[in-house]
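Engineer: Sharing a model prediction with you, sequence too.
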Amino acid sequence: MTRLEQVSSIADLRAALAPLAGATGRPVLVLVGGAGGMDAEQEGAVRGVLADHVVPVLASTGAVVVDGGTDSGVMRAMGAAHHAAGGTFPLVGVVARGTVTLPGDGAGAPDAAAVDPHHDLVLVVPGETWGDESRWLDEAATALAQRRPSVTLVINGGPVALDDVELSLARGRPVVVLAGTGRLADDVATAGDGSTEAVRKVAGSPLTQLVRLGDDDAAVGAVLRGALTRPEAW
């Protein structure tokens, strides 16, 4: 059952993470990307890659996953993969209070999402709009990893995912972009003169690495394994 924790400060956040037995001081995968922006075919392909190539790496490296925690898009796909694998790795979601419907809530905001039922822990942080959770997600990943490696995986995604990626790069956290999944991931993969400055910066960062869905899906796992077991420097 998913444990929900309301947090309003970084101290609260760290206290909420503490009961995850052995979850701190472990490698961390930050998963960011599309919530409602993937079609059924894309989501199905992503589920396959997560189950076949990402989950085995998470289990063998002892990694923790931190994501957006809702029952939609890449978060739902990761929740399903986590459940199918028998919860062999801790899965933590971070949601802004005003963007989700929690047990006991009324109708909520028109675009409010449900919390994914397969996460071990969902941190409910202050905020009314999508993206208000981004800095908290970054802080959660940093608190969990401590001095261990962390890496961000981008699948699909929009403006909020771009903010998440910029926070990761500012931390010095490597970013793996799964091209072929649409939107932000493909914008980064094809960045050029017509792209926004923010997208060009992500594409041009030495911390950014591209892997293309369907070309060699096993490469996704190999790249993530390298990132999660690397020395402190990328």
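Structural biologist: Arrived safely.

Engineer: How is residue 227 classified with respect to secondary structure?
Structural biologist: With DSSP: H, G, I helix; E, B strand; the rest coil as the basis, residue 227 sits in helix.

Engineer: Tell me which helix or strand the closest residue to it other than its chain neighbours sits in.
Structural biologist: Leaving aside its chain neighbours, residue 227 sits nearest to residue 151 (3.8 Å; criterion: Cβ to Cβ, 6 or more residues apart in numbering). Heads up, the C-betas are built off the backbone N, CA and C, glycines and all. Here residue 151 sits within strand 150-155, counting by DSSP states H and E.

Engineer: Enumerate the positions of whichever helix or strand comes after that strand that are buried.
Structural biologist: Going down the chain from strand 150-155, the next helix or strand is helix 159-171, by DSSP H and E. By 16 or more other Cβ atoms under 10 Å, the buried positions in helix 159-171 come out as 160, 161, 162, 163, 164, 165, 166, 167, 168, 169, 171.

Engineer: any idea how far the fifth one is from residue 104?
Structural biologist: Put plainly, it is residue 164. 29 Å (Cβ to Cβ, to the nearest Å).

Engineer: tell me, what residue is most central in this structure?
Structural biologist: residue 31 (1.7 Å; Cα atoms, centre = their mean).

Engineer: Let me know whether my guess that it is in a strand holds.
Structural biologist: Yes. When three-state DSSP is applied, residue 31 is found to be in a strand.

Engineer: Please report the distance of it from residue 117.
Structural biologist: On the measure of Cβ to Cβ, residue 31 and residue 117 end up 17 Å apart.

Engineer: tell me which element the residue located most distally from the centre of the chain falls in.
Structural biologist: For the chain, the largest distance from the centre (Cα atoms, centre = their mean) belongs to residue 193, which lies 28.2 Å off. Assessed by DSSP H and E, residue 193 sits outside every helix and strand.

Engineer: Could you give the backbone dihedrals for it?
Structural biologist: Per-residue torsions, residue 193: phi -60, psi -30 (degrees, to the nearest 10).

Engineer: any idea how far it is from residue 208?
Structural biologist: 18 Å.

Engineer: Ok, residue 184 next?
Structural biologist: Distance from residue 184 to residue 208, by Cβ to Cβ: 12 Å.

Engineer: List the buried residues of stretch 10-20.
Structural biologist: Buried, per 16+ other Cβ under 10 Å, within stretch 10-20: 13, 16, 17, 20.

Engineer: Quick one: low-confidence residue ranges for this structure.
Structural biologist: 21, 37, 106-109, 232-234 (pLDDT under 70).

Engineer: which stretches of it form strands?
Structural biologist: Ranges of strands in the chain, per DSSP state E, are 3-6, 28-33, 64-67, 91-96, 100-101, 113-114, 121-125, 150-155, 175-179, 208-212.

Engineer: mind putting those strands in TSV, distance to residue 198 included?
Structural biologist: Putting these into TSV (distance: least, Cβ to Cβ, whole Å) gives the following:
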stretch	distance to residue 198
strand 3-6	32
strand 28-33	14
strand 64-67	21
strand 91-96	21
strand 100-101	26
strand 113-114	25
strand 121-125	24
strand 150-155	13
strand 175-179	13
strand 208-212	12
